[in-house]
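Participant: Have a look at this fold, sequence not included:
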């Protein structure tokens, strides 16, 4: 079964948004006086991890 190809521009844009938003929320919690609930911290870390996963999937593999 063939895996459908992803749009690299859209994937890169989504990865940048996810990483940027998650990093901004974690930065605002740890380096400013804003206090976030635990579920928002977990969600922010999850967004960063998912953004990094998107970047990993966009890296071309050598065995195409």
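Facilitator: Good, I have the coordinates. This one's a predicted model, so the numbers in the text were calculated from it and none came from an experiment.
Participant: check contacts around the spatially most central residue of the chain.
Facilitator: In the chain, the C-alpha nearest the mean C-alpha coordinate belongs to residue 51, at 1.9 Å (CA atoms, centre = their mean). When contacts are counted by CB atoms under 8 Å, 6 or more residues apart in numbering, residue 51 is found next to 14-19, 22. (C-beta placed from N, C-alpha, C; glycine too.)
Participant: How about residue 44?
Facilitator: Counting by CB under 8 Å, 6+ apart, residue 44 touches 21-23, 25-26, 29, 36.
Participant: Of these, which belong to helices?
Facilitator: Applying DSSP state H to the contacts of residue 44, the entries found in helices are 21-23, 25-26, 29.
Participant: sorry, back to before: please tell me which one of the contacts of residue 44 counts the most neighbours.
Facilitator: When neighbours are counted by other CB atoms under 10 Å, residue 22 leads the contacts of residue 44 with 21 neighbours.
Participant: That residue against residue 41, yeah?
Facilitator: No: here residue 22 lies out of contact with residue 41, judged by CB atoms under 8 Å, at a distance of 9.9 Å.
Participant: got a list of contacts for stretch 29-37?
Facilitator: The contact list for stretch 29-37 (CB under 8 Å, 6+ apart) reads 25, 28, 40-41, 44.
Participant: check which helix or strand covers the spatially closest residue to residue 23 that is not a sequence neighbour.
Facilitator: Counting by CB to CB, 6 or more residues apart in numbering, residue 48 is the residue found nearest to residue 23 once chain neighbours are left out, at 6.2 Å. In the assignment (DSSP states H and E), residue 48 maps to helix 38-58.
Participant: Name the residues of that helix that are buried.
Facilitator: 44, 47-48, 51, 54-55 (16 or more other CB atoms under 10 Å).
Participant: Which of the residues you listed sits closest to residue 7?
Facilitator: Nearest to residue 7 out of the buried residues of helix 38-58 is residue 54 (CB to CB; 11.4 Å).
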